[in-house]
Each structure stands twice: as structure tokens, then as C-alpha cells.
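[1] Using only what follows, build the 3D model:
(one chain, ligands or ions: 3)
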Amino acid sequence: MSLIVQKFGGTSVKDLDSIRYVAKKVMMARKQGHDLVVVVSAMGHETDRLEKLATNLCAHPHPREMDVLLSTGEQVSIALLSMALVDIGCPAKSYMGFQVPIQTDSQFNKARIVAIDEENIRRDLKAGFVVVVAGFQGVDENGDITTLGRGGSDTTAVALAARLEADECQIYTDVDGVYTTDPRTVPDARRMSCVTFEEMLELSSLGANVLQIRAVEFAGKYNVPLRVLSTFVEGPGTLITYEDNNMEHAVVSGIAFSRDEAKLIVRGVPDVPGVAAKILMPISDANIEVDMIIQNLGDDGTTDFTFTVHRRDYDQALKILKAVAKEMKAKSVVGDTKIAKVSLVGVGMRSHAGIASTMFKILGQEGINIQLISTSEIKVSVVMDEKYLELGVRALHDAFELHKAPVQEEYPSRIRA
Ligand code: ADP
Ligand code: ASP
Ligand code: MG
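    Numbering: from 1, shown residues only. Ligands and ions are numbered 1, 2, ... in the order given. Below is the predicted model:
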């Protein structure tokens, strides 16, 4: 008998009909003889609604209280799903994060899981229950409720699968797998039958929110068989795999994009040693993550220093920079929040030169100006004006022929009935 961890996202439990449908699906898997731990997210856009309630009430909601508030979304859905299961004759028991308990560190709003006690879950599974666990939350060593960052239910599911040594962790969502790019933006995007952990890490970190990046990290680290599937359409989904040397790789596997960035430029900075640190230290001291960085060569003893941050950190970063610029006698600080980042990802890039220049050529042909570039072994990212995002992604998807399937077998499952 296999142990499966199934996770159902917000759209899969958005209303009572969907919850009834999910209950039937879980019951069917149970009838096939599997032990099941089911992780659920809050219903539909409930987390957005709760977040808005808090930010409408006060500009900077207290992080601890924010987590007390946000964790209620999942409390509703675990209770409803468990009731629906019991109602159709499938014994089920719900657990909040702190009841499992899922121990986290104390970073409210973006806590990390540090340990999971499996005793309660094991006992209930043995007694024949389906165990329904609230995603996205845990408890810290002080007994305070924490949440794991948006999309965090994926991480709850993978962490539970790792702890319980599950045969598979199945992430059920509103798409039937991981696509070559977001199918909402490019209708002829193609489902991949498998994608490597390395590629999925890049795709997730560069904007493909189909899996939270920490979930992918966890699965890679603990060797969790991870599959993304549709709740409503039957199919094999996408398996996240280790790289296999015999696998035929497309050079470019997928395109990720993000509107979450903002650009800041410090103009006319004295071009002397230590400048980058002077500008970026106060930014990192404020816990703001910096993504791309460019320092131009100056010819009059000054230089322009450009970098990007998450859009939510823009106002704070701008304020900090204005103070730094004054102190450094830089000419000015300017910013732009209407930018987007588009990235090509593929392990095949390791052995193929020229992908970046082809990308630049395609964007140039579309009249899209590239503002910033960064590359690594398996990805190329560019920043452009936000208004060209869709055009750029579609042109690249077309030019790299990502709609065409490489010859690839479906990957076998480890699940035993
Ligand atoms: P859930 O609520 O189930 O967690 P999410 O909204 O977090 O669902 O993730 C699913 C969404 O991710 C899809 O509806 C799709 O628009 C988006 N997405 C972005 N990039 C991709 C991709 N490469 N493949 C599949 N879906 C993607
Ligand atoms: N409900 C949380 C969110 O909307 C967690 C999740 O859905 O994964 O981000
Ligand atoms: Mg999600």
C-alpha cells in the first residue's frame, strides 16, 4: 500500500461543489487502498481577502497578528473538506498546523518549516482516517502561529511527504501540469511530462507560481517524488525529476516571467572603490532582496548604479537610496515600477551557446528594448517595459518552438495499489 500526500490549491476548493468534488476524488484514491494525507489551501481568493482586510485597517499590520488572521483561511477549508469526506462515508480528521504540530522558525509571514511531528498523523492513518492538514502554516517555539509565504501550501505538502516518506506528493491545481510557460498568457503553451528539479527551481524563482520555490527546494533535497496535476481533468501531469543523462533535453525548456520587480537607478555616483557596498548595504540591512545589478562604466569619474528589487519593497528602497545618494553626493535617484522580467530556462543551455543572443535578436525584431540582462548556466533573464511582457513571451515561445513536443516518454509512477 502506498502513502500519498495530495495537495489541493485554492481554486480546487473555491466553493462547496468543488469541495464535494475533491472529497470524492480523495475517497476514490482511498478506495484504491492508499493511505492519504491531504493538504488544502484556503478557499478561492480567501487569503487575498484577508490580506486586504488587514491592510485596509492599518498600513503596516503587525506580522504576528497577520499570521493569526491569514491562517484562518485554511482552517475553514480543512474543516469543510473533512466534513464532506465523513459525509460520504470516508473517515477523516482535520489538523491545523499547530495541532500536527508543524514546527517553524519565528519569521512571521515567511516562516520556514524546521520539524514535523509525525505521531498524530501516523496514529490516525493507522486507524483508517484520511488526515486533512491545513497548508501554509505552522507554529514557532513560542507557540505563535506562523505562515509560510504566499503559495506555502505546496511547501506544507512536500514537507509532509518528506517526513512521512510518502511514495508521491501530488499537487492538484487548475492546470494539468507544468507548462512551457503560463498557459494563461500563451494559449499554445505545452504541458511537459517531466521537468528537472533544477529547471523547476529556476522557473519557480523567476515567476512561475505553479509551485512555490521552497516546495521545489524541499522536494529536491529530500528526494520527494513530486507531481503537478489537474484536480478536474484526468492525466499524468508533470513529474519533477532528477536530471537523467539519457534524457533528450530541449535547449530551452520553459519561459518564466514576473511583474513583481521594480528598478532603481542611482545616477552620478563617484566611481571609487566601495561604492556598491555603500549603496547596497543599507538595502540589505532593511531585509530587502536585490535581484539584478548593473554598474555602468563612467567616463567623467562618476557612474550609474542600477538594480532591481521586489515591487513591494520599492517605496522603502527608494527612501533608503535617497538618503544614501545625498550622503555620497550622487546626482539623483530614479526608479521605475513598470518593468517586467522574462527568463528562458533549460538545462540544455549548458551545452548550447548563443541562446542569449538569439533571445535578444527576437526581442529586437519585436521592437522590445532590453533594460537589464542576467545569465546563469541554465537561464537568461531580461528586464523590459511591462507593457511588452505578453508580446515578448509569445514571440520567444514561438521562436524557440516550445509548443512542439520533444520525443519523451511519460514518466512511470512509484505508486503501488
Ligand atoms: P493553486 O491555487 O492551486 O496553488 P496557483 O494559482 O498557485 O494554484 O498556480 C497555478 C497557476 O500557475 C496556473 O493557473 C497558471 O496560471 C500559473 N502558472 C504560471 N506558470 C505556469 C507554468 N509554467 N505552468 C503551469 N502553470 C503556470
Ligand atoms: N492560501 C495561501 C495563499 O493563497 C497558501 C496557498 O494557497 O498555497 O497564498
Ligand atoms: Mg499555489
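
[2] what ranges do the strands span in the stretch 201-350 of the chain?
    226-230, 238-241, 254-258, 261-270, 290-295, 302-310, 332-336, 339-345 (DSSP state E, counting those that start in this stretch).

[3] could I have the first one exported to CSV, CA atoms only?
    Coordinates of each C-alpha in strand 226-230 appear next as CSV, following Å, rounded to 0.1, in the frame of the first residue of the first chain:
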residue,chain,number,x,y,z
LEU,A,226,6.6,15.4,-6.9
ARG,A,227,3.9,15.6,-9.5
VAL,A,228,1.7,18.5,-10.6
LEU,A,229,-1.8,17.5,-11.8
SER,A,230,-5.2,18.9,-12.5
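
[4] List the contacts of it.
    158, 161, 168-178, 210-211, 215-216, 219, 235-240, 413 (C-beta atoms under 8 Å, 6 or more residues apart in numbering). Just so you know, the C-beta spots here come from the backbone N, C-alpha and C atoms, and that holds for glycine as well.

[5] buried subset of the residues you listed?
    158, 161, 168-178, 210-211, 215-216, 219, 236-240 (16 or more other C-beta atoms under 10 Å).

[6] Helix or strand with the lowest mean pLDDT in this protein?
    strand 290-295 (a mean of 91; mean pLDDT, DSSP states H and E).

[7] so of the buried ones among the contacts of strand 226-230, which ones are in helices?
    Members of the buried ones among the contacts of strand 226-230 lying in helices (criterion: DSSP state H): Val158, Ala161, Ala215, Val216, Ala219.

[8] So what sits opposite the nearest residue to the last one once chain neighbours are set aside in the bridge?
    This points to Ala219. Distance criterion C-beta to C-beta, 6 or more residues apart in numbering; nearest residue to Ala219, sequence neighbours excluded, is Leu226 at 4.3 Å. Leu226 has the following beta-bridge partners by DSSP bridges: Cys169, Ile240.

[9] what is the mean pLDDT for stretch 402-415?
    Stretch 402-415 shows a mean pLDDT of 66.

[10] these two touch, right, Asp271 and Phe305?
    No. The pair Asp271 / Phe305 is not scored as a contact, 9.7 Å apart, by C-beta atoms under 8 Å.

[11] The two: which is more packed in?
    Taking neighbours as other C-beta atoms under 10 Å, Asp271 and Phe305 compare with Phe305 leading, 27 against 17.

[12] What residues sit buried inside the helix or strand where Lys361 lies?
    Using DSSP states H and E, Lys361 falls within helix 355-365. Buried residues in helix 355-365, counting neighbours by 16+ other C-beta under 10 Å, are found at Ile355, Ala356, Thr358, Met359, Ile362, Leu363.

[13] How about residues contacting that helix?
    251-252, 344, 346, 349, 370, 373, 375, 380, 382, 384, 392, 395-396, 399-400.

[14] ranking these by neighbours, who comes first?
    Greatest neighbour count in the contacts of helix 355-365, by other C-beta under 10 Å, goes to Leu344: 28 neighbours.

[15] Okay, that residue and Asp182: tell me how far apart.
    Using C-beta to C-beta, to the nearest Å, Leu344 is found at 14 Å from Asp182.

[16] Would you mind confirming that Gln137 makes contact with Thr146?
    Yes. Taking C-beta under 8 Å as the definition, Gln137 is a contact partner of Thr146 at 6.6 Å.

[17] Please say which of the two ends up with more neighbours.
    Neighbours were counted for Gln137 and for Thr146 using other C-beta under 10 Å; Thr146 has more, 31 against 27.

[18] neighbours around the residue nearest to His45 when sequence neighbours are not counted, how many?
    Of all residues not flanking His45 in the chain, Gly10 sits nearest, at 6.9 Å (C-beta to C-beta, 6+ apart). For Gly10, the neighbour count with other C-beta under 10 Å is 24.

[19] for His45, same thing?
    14.

[20] taking the mean pLDDT, what do you get for the helix holding Lys361?
    The model assigns helix 355-365 a mean pLDDT of 96.

[21] what about it, distance to the chain center?
    With C-alpha atoms, centre = their mean, to the nearest Å as the basis, helix 355-365 stands 27 Å off its chain's centre.

[22] what's the angle between it and strand 254-258?
    Calculated by axes from the mean of the first three to the mean of the last three C-alpha atoms, to 10 degrees, helix 355-365 forms an angle of 60 degrees with strand 254-258.

[23] Export helix 355-365 to CSV, keeping only CA atoms.
    The C-alpha coordinates for helix 355-365 follow below in CSV (Å, rounded to 0.1, in the frame of the first residue of the first chain):
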residue,chain,number,x,y,z
ILE,A,355,20.7,31.2,-26.7
ALA,A,356,21.1,34.7,-25.2
SER,A,357,21.9,36.4,-28.4
THR,A,358,19.0,34.6,-30.2
MET,A,359,16.7,35.8,-27.4
PHE,A,360,18.0,39.4,-27.8
LYS,A,361,17.5,39.2,-31.6
ILE,A,362,13.9,38.0,-31.3
LEU,A,363,13.1,40.7,-28.8
GLY,A,364,14.8,43.3,-31.0
GLN,A,365,12.7,42.2,-34.0
